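Asker: Got a sequence here, can you model it:
(2 chains)
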Amino acid sequence: MTSPDQVQDTPSVLEMRRVSKSYPGVQAVSDVDLRVRRGETVAVIGENGAGKSTLMKIISGVIPGAEFDGEMLVEGRLRHFRGVRDAEAAGVVLVPQELYIAPNLSIADNMFVGMLPGRWGFVDEARLRAMARERLAFFGITASPDAPAGTLSPSEQRLVTIAAALSKSAKLLILDEPTAALTDGEARHLFARMRQIHEQGVGCLYITHRLDEIEHVADRVMVMRNGRVVANFDTARGNRAEIVHAMIGREPERMPDRRVDARAAPILTVNDLRVHDAHGGGRMRVDGASLTLHRGEILGLFGLVGAGRTELARAVFGAWPGKVEGRVQVDGTEGLPRNPREAIARGIGMLTENRKQTGLMGGQSVLTNISAASLADIAGRLFIDGPRERARDLALARKLDVRPLSLTAPVDAYSGGNQQKVLLARWLATGPRVLILDEPTFGVDVGARFELYRLIRALADDGRGVLLISSDLAEVTDECDRILVMYKGRITGEFGRDAARHTLMAAATGEGS
Amino acid sequence: MSEREAVSRPSPAPGRQGAMRRLGQVADLRVLSMLLVFIVLCAAFHIWSNGIFFTPRNLSLLLRQASIIAVISAGVSILMVMGEIDLSIGSAVYLCSVVAATLQVDVELSTWPTVLVTVLAGVAMGAWQGVWVVRVAVPSFVVTLAGLLAFRGIGYYATDAATIAPLSKSFTALSEGFVEPVASVAAVAVLAVLGGVYLLWRSRQLAREGAPMGGGILAARLLSLAATAALLGWTFGGFRGVPDAVLWVAGTGLVLWVLMTRTKFGRNAYMIGSNREAAVLAGVPLGAQLFSGFLLMGLLYGVAGSLIAARLSASTPSAGNYMELDAIASAVIGGTSLRGGVGTIPGAIAGAVLLATIDNGMSILNVSSFIQLIVKGMVLLFALAFDAYMIRHRSYRV
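Answerer: Okay, here's the model as predicted:
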């Protein structure tokens, strides 16, 4: 990192002056001044809807220069990008939050799509492979450039996307929540790479919800709220409380500690669960895992990506495509569910990881989305009881404080946190005894996150068992009554709620016990 | 209008207001543009044809022409909502018409048993395709492409590609008969009043639930109901009454509409179409749902096969040619998305009427049938382009 004196003299890669953008009825960004110097990382933080995304769309050319007010200078030159290609040509590269990976194409193809090295109109395969290999090595990914991108884990896919962006001779790199799907180790790895990139003079805008990582990665912090810049910090260190305050505009509330009945009856028992690879590979995804979840308990399941947590959850929920062995007991009833339908009938609900892909029914109304798993309860043999359905779903949406409160609006129009509430409502509607939550706060902003935690606690207080899968250490240690750690398909440790972070991390990386 | 649109508009939070309102407008934009195209076409045809087009006699003919496509496009729109497709429609309907004609001519079966067996034959074809899609997991595009070839081949082989005729009078009357004009007008009036009462009752109900429909929407619905009823009453009163073919459309349309908007089957169909994986994870029985869809489609092959045999009083080797394309085009014109998850039964039927209007108008104007093919191809293309535009528009806003 550079000292403040040097920074003053370093030329800017990006300068924005009084930039504003409004949509009909919404002032998305107003009067934003922003400066990114060479080799510097500026963290942009704020809750969902604060205007971060719109700002990044302006910088990266998604919103053309003609459609916003104010001035934008890249490397000292006034710029009006007509589109993303324009911006990329000028060295501004956005790595979006969502992954755009074509799983059937090779890793190399995915990295260099749109800029494949050519020779006489054909793709120069050898050079492509060499370029890809070099980039992969830089990020420490040991995978063949020819392998289909679908074989990478989600976190590796994320790293590959970033690696691909950097290969576009970037001067300004915009990272939108790059660590959302990464484990701590992978995130540290990414930060180390970013420092290397900085030494090449690349400036970086870093958007995140995670305050802990700002200290590692950001030289300066800019906080946005309601489309405006509300605070600037010259360093992230030691300013955490002020940053949070600036972000949400009020004091964050502390959760009271939960009291759990230690003698509560078990509600879910899993014995010696073995989950085979779905495609006949010899690998065991879960290798003899056992756990007991009690009534009224929030049990955390922590581990790195690929540790087998999701596979375990899917197997218990009857949604694993491969072979599953072992014993599962729900509230005393024995038997492994063969499909989600059976699991739901037996009182299990699962809020799935990656809500866009496996949860939301896009284009459909909130009503349809809430009722999805519980149509049988509001329908007779044939017909759905409309008034009853609407009354029930409205009550649920109100209870979970879905905003704006509407049953007819398409679910896509909602923010991440509210979408998650809609999906939670879907599972509450089934009246579950056991609720599996797989990364429930992924891509959810701070304010909504605390709301979700409060809801999860309320669910447990009602006597349900909650299995909370997370790769967010703070989430597991703050929200769970008991924590299990998985590593390579096995449960490698059980901890109380006061477990230290490094012991959890050790168990999750196989260094513990 | 479907249930999903009928429930109230939200009162959105400030931040999202623009996007949501625009979504609401976009949904109506499709209906409005369809209506506009329909009116412009009618006016143009009426003027060019020197006043032949907009007469009860021709409109009655138009509705009869639209009827078979309307029935079948309602069916295929259900498959499309589930993210599937059926390219075998034309051949399957032809094979059903062969079954009906053979039973009538060679077996001399009476009318209703003929219809029953024909429908069973259709269901068998649907089941055959359903098994391949569900059990063997072959994409429906491929399965039904095979059906497109095979079903017609079976029909040609069995009949030597000959016309089978004539069918009994009572069978022909299935499509070509009419309800008494006086009774027809009365029935239209009664249905219009019932529809109006239903709309009012529904808006009351929604208001009671705290999500009122909005006076403008209610008024627009009542007005369009009254206009449609008046037009139909004028047509049927002015020319021989309600054609029986239209009764079939009304019957199947009503049943399928209720199926899609009020039942678990319908809800599951929309869910499967918009996100199959999420639907399975929410406990939707995917296989059973898809299979039922193909069975239902098969049932409609039987209905359409009977209707087409009745209409021609024969089974002709060219029957059903390009019918799958007309049906899919109608569904798309009526707002069904090829990506699944979007589409309504009334929309598909309205799409069929619009397509028949183009057909009928061009025939009146003596446009060469070759040109007619070109025009219909362009209509399909524009409908799809419009669909693509709407999707882009929507995803940009949200």
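Asker: ranges for the helices of the stretch 401-513 of chain A?
Answerer: Remark: helices assigned in the stretch 401-513 of chain A by DSSP state H, counting those that start in this stretch are A:416-429, A:446-461, A:473-479, A:501-508.
Asker: Does the shortest one pack against any helices or strands, and if so which?
Answerer: For helix A:473-479, the packing partners by 3 or more C-beta pairs under 8 Å, 6 or more residues apart in numbering or on different chains; DSSP states H and E come out as strand A:298-303, helix A:446-461, strand A:465-470, helix A:501-508. The way it works is simple: take the backbone N, C-alpha and C, and place the C-beta from them, glycine included.
Asker: any idea how far that helix is from the chain center?
Answerer: 15 Å (C-alpha atoms, centre = their mean, to the nearest Å).
Asker: Now that helix: average pLDDT?
Answerer: Across helix A:473-479, pLDDT averages out at 83.
Asker: Can you show me the CA trace of it as CSV?
Answerer: In CSV, the C-alpha atoms belonging to helix A:473-479 read as follows (Å, rounded to 0.1, in the frame of the first residue of the first chain):
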residue,chain,number,x,y,z
LEU,A,473,-17.8,-17.1,9.7
ALA,A,474,-19.5,-14.1,11.4
GLU,A,475,-22.9,-15.5,10.5
VAL,A,476,-22.2,-18.9,12.0
THR,A,477,-20.6,-17.6,15.2
ASP,A,478,-23.2,-14.9,15.8
GLU,A,479,-26.4,-16.7,14.8
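Asker: which residues touch it?
Answerer: A:184, A:212, A:255, A:298, A:300, A:302, A:441, A:453, A:456-457, A:468, A:470, A:483, A:497-499, A:501, A:504-505 (C-beta atoms under 8 Å, 6 or more residues apart in numbering or on different chains).
Asker: Now that helix: buried residues?
Answerer: Residues A:473, A:475-477, A:479 are the ones in helix A:473-479 that count as buried (16 or more other C-beta atoms under 10 Å in any protein chain shown).
Asker: OK, contacts around the nearest residue to B:G253 once chain neighbours are set aside?
Answerer: Excluding its sequence neighbours, the residue lying closest to B:G253 (C-beta to C-beta, 6 or more residues apart in numbering or on different chains) is B:I349, at 5.2 Å. When contacts are counted by C-beta under 8 Å, 6+ apart, B:I349 touches B:70, B:73-74, B:249, B:253, B:330, B:334.
Asker: and the stretch 401-513 of chain A, which residues reach chain B?
Answerer: For the stretch 401-513 of chain A, the residues in contact with chain B (C-beta under 8 Å from any C-beta of the partner chain) are A:403-410, A:412-414, A:426.
Asker: how about the buried residues of helix A:473-479 in TSV, adding distance to A:D109?
Answerer: Output for the buried residues of helix A:473-479, formatted as TSV (distance: C-beta to C-beta, whole Å):
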residue	distance to A:D109
A:L473	35
A:E475	36
A:V476	37
A:T477	41
A:E479	41
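Asker: which parts of the stretch 101-250 of chain B sit against chain A?
Answerer: Contacts of the stretch 101-250 of chain B with chain A, taken as C-beta under 8 Å from any C-beta, map to B:205, B:209-211.
Asker: where exactly do the helices run in the stretch 151-300 of chain A?
Answerer: Counting by DSSP H, counting those that start in this stretch, the helices of the stretch 151-300 of chain A are A:154-166, A:184-199, A:211-217, A:240-248.
Asker: can I assume A:G70 is in contact with A:S20?
Answerer: Yes: at 5.7 Å, A:G70 counts as touching A:S20 under the criterion of C-beta atoms under 8 Å.
Asker: Mind listing the shared neighbours of those two?
Answerer: Common contacts of A:G70 and A:S20 (C-beta under 8 Å, 6+ apart): A:31-32.
Asker: Tell me the residue of the stretch 401-513 of chain A that sits nearest chain B?
Answerer: A:S406 (3.0 Å; C-beta to the nearest C-beta).
Asker: A:N369 is in contact with that residue, correct?
Answerer: No: with contact defined as C-beta under 8 Å, A:S406 does not reach A:N369; the gap is 11.9 Å.
Asker: Now stretch A:353-370: buried residues?
Answerer: Those would be A:353-355, A:358-370, for stretch A:353-370 by 16+ other C-beta under 10 Å.
Asker: chain center to that stretch, what's the gap?
Answerer: On C-alpha atoms, centre = their mean, the centre of stretch A:353-370 falls 16 Å from that of its chain.
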